[in-house]
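> mind looking at a prediction? Sequence and model below.
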Amino acid sequence: MVVTSFTLARQGRVSASLSEMPSKPAISYAHVTKSFGSLRAVDDLSLDVAEGEFVAVVGGSGSGKTTLLRLANRLIEADGGTITVEGEDVRGADPVALRRRIGYVFQSAGLFPHLSVADNIGITPRLLGKPAADIAARVDELLELVQLDRAAHRDRLPEALSGGQCQRVGVARALAAKPRIVLMDEPFGALDPLTRDALADDYRSLHRKLGLTTVMITHDMTEAILLADRIAVMRGGKLLAQGTPAELSKSEDAYVLELLRTPRRQVERLNALLPTSGAA
Amino acid sequence: MSFLTDPRWGEALAHLPDYLGNHVRVSLAALALGLAVSLPLAILTRNRPAPRAILLAIASIVQTVPGLALLALFYPLLLLAASVTLAWFGVSFSAFGFLPAMLALALYSMLPVLRNGITGLNGIDPALIEAAKGVGMTARQSLIMVELPLALPVMMAGIRTAAVWVIGTATLSTPIGQTSLGNYIFAGLQTQNWVFVLFGCVASALLALAVDQLLGLIEAGLRHRSHVRSALGAAGIAALVAATLVPTMGRSSQGYVVGAKTFAEQYVLSALMRDRLQTAGLSATARSGLGSSVIFGALKAGDIDLYVDYSGTLWANQLHRSDIKPRAELVAELKTALAKDNITLLGELGFENAYALVMPKKRAEALGIRTITDLAAHTSTMSIAGDYEFFSRPEWAALQKAYGLSFRAQRQMQPDFMYAAVASGEVDVIAGYTSDGLIAKYDLVALEDPKHAIPPYDAILLLAPKRAGDERLQAALKPLLGKIDIATMREANLRASGNDATSSPDAVARWLWEKVGGR
């Protein structure tokens, strides 16, 4: 099963890399630094994310990957360097307006417990002052998009949903104001493997269908390889390597190579343990 | 007489619209003010640990001050503030009744509101506040759309606690001149009218319960997003306010206000004077249960129009004199001094209510004690009890000095319980009052004061400055002057200390009027 989705994702990436061209980056980090006290969370880091690209930022805890993500929509302010979103320096942007036009999927969803599913999804359009009827229509559209049953879920409170359903609502909420860019903070990390796999696949197809630019952070290299066009590896606030899995495998960095070996070892072990017919 | 058919229930019920209305008004005003101050403070300090800690410390300290003391403190404080505004801006306000009660109660309501507000706002999962920011909320939107709704259950619990505290504590605002359900309790305790005490307690408890339940209904409505329940709760509160405001509406002019301190004799005399004024065709109400430090200021400021005080009390407390003069001379000098403040000393009622050292007659005879000089030899093995103010009054210092008294122990007691305590041997001597009917009832004796260490305490009738030239008022009161001798007052007080329908201040006042020559 793991192998199946792996193949599908690779096919997806082929089409993405065909459209690759030197257009202006959706998000660009140039020599960005951020410290918390004496800790350098992000250390002179430069990275470009092209329009339509799906980039996974991989690293262990404390590697600075969450900080990197939050610098883009100014949930955290950079100490130095320049960050641009769609060509605009974020320092000059109104942070509230910036956050409203960038979708953000939180670790374990971050749904507001006192608001219904519909109100959670419609929150950003509501903040933007959209008419109630438009918001209601958009909510229905999104419920369908993330494959949740409208009648069963629309008016429920988050406490009545499963973890996977919560994260589907989280994704719908991030997409509600029709952003071109979506940031995801370990979105599938807390889910059980089956749910996680289904949701990740569904998101991957949404990314393609809607022409989104996605930056996802994860500690799981397998997930990164399966979903992303390009992978950035972080450690101690620095960018160790970036590129497609093939490009990464040419890296001379021991940590990067070790990260890459893990999924391969897993596949080999799985192939040894499972009858080969199961992988067809 | 059966407990349930006791006519005092009816009497208590007749006061209910007035007492309950005032109680609800002062409680809700205090609660509203408390909320208006505490909620913004809780919100402002939610991300500021240092000011938050200071604020909570202050609120906690306020809470440790007993309710009665806090209420009592606000009276002199406002009196001072009123004199300052008068000097600076030429405007003054009444430091009596509603204002000090409301401010003290508002202060009292702050701790639970602040503490729960802060706890509620700080207890929110930081990930949710981060999410609110992430979906594009401004700080204000995050507060209104996420933080306050999530903190609401905890905040409402604090508001409910505050409401119950304020409604309960408001019963203590009677002595500073705010009519409340406490009027039942204070009057009942002083005149041993347990029907009134019970009525006051039950009424305030029911009121507290009702408000708590209505607030609970609003809370449940908000939590479950049921507008019906919130609306029902809000309507209930509104109905309560309306119901207590309407009966007292068109009665803004109370006519003459007769003041009374917190003991039975004062209740009887104020009822007597009120009846005299009403018979003379003047509109009058009694304002009873006022603290003895509050009442003179209230007269001076015109918050009450008349009351009975005692010459020796004003001599010591207002003129700050410690020398002793004969009865008539002291009253004459007091009259001149009070006239400077435009207060009219209309005259003496006839009796004296002096402090006296009192002990069981049999024991006094056995020990051969007739005067305080005789007592002095025994005090080292004796204990003495006095009312709450006696031991800090100059008379006590004067007595100790003149006779060299040094008791083994001294205790403070509710005046009504003192007599029973000395009669049962719980204490050896009490500082009683010469006009008290219980001296005869318990077979006690008031010891003579051969050295005249205790000043005379003639009951004197005082009129507020604004009533100085009021001839109708003075004509209505003149028949009382010089008519009430000590024996009559003692009997009246004894009647008032009974525990049946004929012992209500109103009934005793009627008896007293017949006795002193009325019809």
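Received it, and whenever you're ready, just let me know what you need. Residues are numbered from 1 along each chain as shown, chains lettered A, B, ... in the order given.

> confirm that B:Phe417 sits in a helix.
Yes. Counting by DSSP: H, G, I helix; E, B strand; the rest coil, one finds B:Phe417 located in a helix.

> burial count for it?
Using other CB atoms under 10 Å in any protein chain shown, B:Phe417 has 13 other residues around it. Any C-beta I mention is one placed from the backbone N, CA and C, and that applies to glycine too.

> near chain B, which residues of chain A?
Selection of chain A residues close to chain B by CB under 8 Å from any CB of the partner chain yields A:73, A:75, A:96-97, A:99-100, A:104, A:106-108, A:110-114, A:123-124, A:127-128, A:173, A:177.

> for the closest residue to chain B within the stretch 101-250 of chain A, what are phi and psi?
Closest residue of the stretch 101-250 of chain A to chain B, CB to the nearest CB: A:Gly110 (3.4 Å). Phi and psi for A:Gly110, reported as degrees, to the nearest 10, are phi 60, psi 40.

> equivalent analysis for A:Val85, please.
A:Val85 adopts backbone torsions of phi -120, psi 120, taken as degrees, to the nearest 10.

> that one pairs with what?
On the basis of DSSP bridges, A:Val85 is bridged to A:Ile27, A:Glu88.

> contacts only, for it.
Counting by CB atoms under 8 Å, 6 or more residues apart in numbering or on different chains, A:Val85 makes contact with A:26-27, A:72-73, A:93, A:98, A:102, A:181.

> any idea which element B:Thr285 lies in?
strand B:284-290 (DSSP states H and E).

> show me what that strand is packed up against.
The contact analysis (3 or more CB pairs under 8 Å, 6 or more residues apart in numbering or on different chains; DSSP states H and E) places strand B:284-290 against helix B:182-190, strand B:256-261, helix B:264-279.

> for chain B, what's the longest strand?
strand B:344-352 (DSSP state E).

> that one vs helix B:264-279, what angle?
Computed with axes from the mean of the first three to the mean of the last three CA atoms, to 10 degrees, the direction of strand B:344-352 lies at 130 degrees from that of helix B:264-279.

> so the residue of the stretch 101-250 of chain A closest to chain B sits against B:Ala131, correct?
Yes. Counting by CB atoms under 8 Å, B:Ala131 is a contact partner of A:Gly110 at 3.4 Å.

> secondary structure element for A:Arg126?
Assigned by DSSP H and E, A:Arg126 falls in helix A:123-127.

> related to what we said a few turns ago, show me what the mean pLDDT comes to for the longest strand of chain B.
Strand B:344-352 shows a mean pLDDT of 92.

> show me what that strand is packed against.
On a contact count with 3+ CB pairs under 8 Å, 6+ apart, strand B:344-352 meets helix B:327-339, strand B:458-463, helix B:486-496.

> can you give the contact residues for it?
With CB under 8 Å, 6+ apart as the test, strand B:344-352 has contacts from B:269, B:308, B:310-311, B:327, B:331, B:334-335, B:338-339, B:434-435, B:456-463, B:467-468, B:474, B:477-478, B:480-486, B:488-489.

> for B:Ala127, see how far away the residue positioned nearest the centre of chain A is.
Computing the C-alpha centroid of chain A and ranking residues by CA atoms, centre = their mean puts A:Met216 first, at 2.6 Å. Distance of A:Met216 to B:Ala127, given as CB to CB, to the nearest Å: 18 Å.

> same question, B:Gly368
For B:Gly368 relative to B:Ala127 (CB to CB), the value is 86 Å.

> and these two? Which one has more around it.
B:Ala127 (14 against 9).

> OK, contacts around the more buried one?
By CB under 8 Å, 6+ apart, the neighbours of B:Ala127 are A:106-108, A:110.

> give me that answer again for 6 Å
Contacts for B:Ala127 (CB atoms under 6 Å, 6 or more residues apart in numbering or on different chains) come out as A:Gly110.

> does B:Asn47 count as helix, strand or coil?
At B:Asn47 the chain is in coil, as set by three-state DSSP.

> look at it and say how many residues are nearby.
B:Asn47: 11 neighbours (other CB under 10 Å).

> could you do the one 4 residues further on as well?
Residue crowding around B:Pro51 was assessed by other CB under 10 Å; the count is 11.

> which one is it nearest to, not counting chain neighbours?
Using CB to CB, 6 or more residues apart in numbering or on different chains and skipping residues adjacent in sequence, the residue nearest B:Pro51 is B:Thr45, 4.9 Å away.

> that neighbour: neighbouring residues, count only.
With other CB under 10 Å as criterion, B:Thr45 counts 21.

> isn't it up against B:Ala53?
No. In this structure, B:Thr45 is not within contact of B:Ala53 by CB atoms under 6 Å, at 8.9 Å.

> and the residue nearest to the centre of chain A, that's in a strand?
Yes. Assessed with three-state DSSP, A:Met216 lies in a strand.

> and it, what pLDDT?
In this model, A:Met216 is scored at 95, pLDDT.

> Three-state assignment for the nearest residue to it once chain neighbours are set aside, please.
Using CB to CB, 6+ apart and skipping the chain neighbours, the partner closest in space to A:Met216 is A:Met184 (4.1 Å). What three-state DSSP gives for A:Met184 is strand.

> who's A:Met184 bridged to?
Assessed by DSSP bridges, A:Met184 has beta-bridge partners A:Val105, A:Met216.

> my guess is it contacts A:Tyr104, does it?
No. Between A:Met184 and A:Tyr104 there is no contact under CB under 6 Å: 7.7 Å.

> any residues in contact with both of these two?
By CB under 6 Å, 6+ apart, no residue touches both A:Met184 and A:Tyr104.

> how about the strands in chain B?
Taking DSSP E to define them, one finds strands in chain B at B:256-261, B:284-290, B:306-310, B:344-352, B:355-360, B:383-386, B:409-412, B:429-433, B:444-446, B:458-463.

> how far away from the center of its chain is the fourth one?
If I follow you right, that is strand B:344-352. Relative to its parent chain, strand B:344-352 has a centroid offset of 24 Å by CA atoms, centre = their mean, to the nearest Å.

> list the neighbouring strands of that strand plus their orientation.
When DSSP bridges is applied, strand B:344-352 pairs with strand B:458-463 (antiparallel).

> dump the strand it pairs with to PDB, restricted to CA.
The C-alpha coordinates for strand B:458-463 follow below in PDB (Å, rounded to 0.1, in the frame of the first residue of the first chain):
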ATOM      1  CA  ASP B 458     -29.900  63.000  78.600                       C
ATOM      2  CA  ALA B 459     -31.900  61.800  75.700                       C
ATOM      3  CA  ILE B 460     -32.100  64.900  73.500                       C
ATOM      4  CA  LEU B 461     -34.000  65.500  70.300                       C
ATOM      5  CA  LEU B 462     -31.900  66.900  67.400                       C
ATOM      6  CA  LEU B 463     -33.100  68.500  64.200                       C
END
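
> work out which residue lies at the spatial centre of chain B.
Central residue check for chain B by CA atoms, centre = their mean: the C-alpha nearest the mean position is that of B:Pro175, 1.4 Å away.

> close to chain A: what parts of chain B are there?
For chain B, the residues in contact with chain A (CB under 6 Å from any CB of the partner chain) are B:127, B:131, B:134-136, B:138, B:146, B:149-150.

> try 8 Å
Neighbours of chain A within chain B, by CB under 8 Å from any CB: B:127-128, B:130-138, B:141, B:145-146, B:149-150.

> using PyMOL, define a selection of the buried residues within those residues.
Selection of the buried residues among the residues of chain B next to chain A in PyMOL, burial being defined by 16 or more other CB atoms under 10 Å in any protein chain shown:
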select buried, chain B and resi 128+130+131+132+133+134+135+136+137+138+141+145+146+149+150
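
> which other residues reach the helix holding A:Arg126?
A:100, A:112, A:115, A:119, A:134-135, A:138, A:173, A:176-177, B:135-137, B:141, B:145.
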